[in-house]
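Peer 1: fold the following, please.
(one chain, ligands or ions: 1)
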Amino acid sequence: MTDETGRRRSNNLILDTALLDFYAAADDMHLSEGLISILSYPERRVDVSVPVEMDDGTVKVFHGHRVQHSTALGPSKGGIRYAMDVTGQECEGLAMLMTWKCSLAGIPYGGGKGGICCDPTAMSRKEKEKMSRTYGARIAPIIGRWSDVPAPDMYTGGQEMVWIMDTICKMLGHFEPAMLTGKPIDYWGAPGRTEATGRGLAACAFELMRQKGLDPSKMKAAVQGFGNVGSYTAKILNDAGVTIVAISDTTGTYYNPKGINVAKAFEYMNTNPGKRGRKLEGFEKEGCEKLGLDDVLFVDCDFLCPCALQGTINKDTAPKIKAKYIVEGANSPTTTEAEPILDDAGVIVVPDFLANAGGVVGSYFEWAQNLQGWTWSEDTYNKRLVELMTNNFLKVWQYSNDKKVTMRRAAYIAAIKRVSDIVELRGVYL
Ligand code: NAD
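Peer 2: Presented below is the predicted three-dimensional model:
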């Protein structure tokens, strides 16, 4: 499907949004129509059927996909998700975003994404194992350390990666740990990966404070979502002296203007398994006030870190935000309509694909270690991560200030430029 100018469009919201964001930045940088056209399509998309003999003896056929948007900079990199809304086009949109994220992060990867349309919460472990192994076998021809390196995503983790890798290694007849990342630490994984996204996010926040001459010990922050990204972001900011005035999860917002005891929140969550995962339910008993679900966005603070889900900062919530700085942990937490509202209010937004790239940078470190057959210390991993994230932040910060554009636009332009320059250098017959 194309628009009246012949540019590609889609009925899938994620793909269409990715295309429109790309066109806006590409037009700003006067990218040629040829390059725009090349980069608006994935290089390769493989759709597979995944038959599984279910526990009750019936056979169910699931639909899986793997998309390689670009391999201009190196092997494509991106997660594999298990969810009911997974479609080939959704994977195409997410793979395109991975191309920009890897490019901006300065790592030698293109963008990929994959997934299976299924409800993993309604499947047994055995059913998920059979599904993962068959999916792995069917995408095996395009997976490899120098071609396409998957990782966990929604509802997948170390276990799914091991099933997929084990299957492909058996087909190949040799061991190849660098074919995917996000493996358990004791099985060619990387110490430091669990905290990597939060650490990268905090590194961006600290550099922003340095650039603005702000003292971390005088800063207040609110963090939406207390899962992997949110909890480590809160902890690392807090360890450096930032007062965390509010945290939240699906059970509500927990607020204390004098500061939440983040270490206690960690401990509380780890000993309080909720219905689906760990929850902060009841944490108000630990000396804070319980507020509504979205109130975390509106509390009085300097920094707001949305680390839960997409679209939480929208045209209704944006006008009520008091924070002057937003560092995005979740993917697409800010809608297109909310952006000008924040911009007009002078809020500086560090965009998701810059701020939450610690995860993919950490994956790159795991891959690099696997290729070397050598495990770095956690300290080395953390130092390299912070250095890389800080440099990436500064690159975008500088460009945004020089060209007087938002950090999101600056990030898009920097990311697209690196890829389009290499496509031109290599020629169109990639
Ligand atoms: P997670 O499942 O570990 O945590 C999500 C948290 O958000 C949970 O605490 C959950 O209770 C909370 N939450 C969900 N809906 C909420 C709502 N409406 N209000 C308040 N809290 C809510 O997930 P995660 O790995 O921390 O990922 C969070 C976001 O960051 C996602 O958008 C993900 O795509 C993105 N992201 C994650 C990584 C990573 O390495 N984990 C990397 C890049 C981007």
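Peer 1: that's a helix at residue 169, yeah?
Peer 2: Yes - secondary structure of residue 169 (DSSP: H, G, I helix; E, B strand; the rest coil): part of a helix.
Peer 1: how about the contacts made by the residue in the stretch 51-200 of the chain positioned nearest to the ligand?
Peer 2: Among the residues of the stretch 51-200 of the chain, residue 197 lies nearest to the ligand; the distance is 3.7 Å by CB to the nearest ligand atom. Glycine gets a C-beta too; all of them are placed from N, C-alpha and C. For residue 197, the contacting residues are 228, 229, 232, 329, 356, 358, 359, 362, by CB atoms under 8 Å, 6 or more residues apart in numbering.
Peer 1: what are the phi and psi values for the fifth one?
Peer 2: The reference is to residue 356. The phi and psi values for residue 356, taken as degrees, to the nearest 10, are phi -100, psi 20.
Peer 1: pretty sure it sits against residue 230.
Peer 2: No - using CB atoms under 8 Å as the test, residue 356 is too far from residue 230 to be in contact (11.0 Å).
Peer 1: what does the pLDDT read for residue 275?
Peer 2: pLDDT for residue 275: 56.
Peer 1: give the buried residues for the strand ranked longest in the chain.
Peer 2: Scanning the chain for the strand with the most residues, using DSSP state E, yields strand 59-70. Of the residues in strand 59-70, those buried by neighbour count under the rule 16 or more other CB atoms under 10 Å are 62, 63, 64, 65, 66, 67, 68, 69, 70.
Peer 1: same check on stretch 75-85?
Peer 2: Buried residues in stretch 75-85 (16+ other CB under 10 Å): 75, 76, 77, 78, 79, 80, 81, 82, 83.
Peer 1: repeat for stretch 421-430
Peer 2: In stretch 421-430, counting by 16+ other CB under 10 Å, buried: 422, 423.
Peer 1: before we move on, what about stretch 186-204?
Peer 2: 188-193, 195-204.
Peer 1: same question for stretch 173-180.
Peer 2: So for stretch 173-180, counting by 16+ other CB under 10 Å, buried means 177, 178, 179, 180.
Peer 1: where does the prediction get shaky in the stretch 151-300 of the chain?
Peer 2: 273-277 (pLDDT under 70).
Peer 1: for it, which residue gets nearest to the ligand?
Peer 2: Closest point on the stretch 151-300 of the chain to the ligand, by CB to the nearest ligand atom, is residue 227, at 1.7 Å.
Peer 1: tally of neighbours for that residue?
Peer 2: 18 (other CB atoms under 10 Å).
Peer 1: so it makes contact with residue 307?
Peer 2: Yes - look at residue 227 against residue 307 with CB under 8 Å: they come within range, at 7.2 Å.
Peer 1: and residue 279, its phi and psi?
Peer 2: phi -130, psi 160.
Peer 1: make sure it is actually in contact with residue 251.
Peer 2: Yes - the pair residue 279 / residue 251 is scored as a contact, 5.3 Å apart, by CB under 8 Å.
Peer 1: so residue 140: helix, strand or coil?
Peer 2: helix.
Peer 1: residue contacts, it?
Peer 2: 167, 168, 171, 172 are the contacts of residue 140 under CB under 8 Å, 6+ apart.
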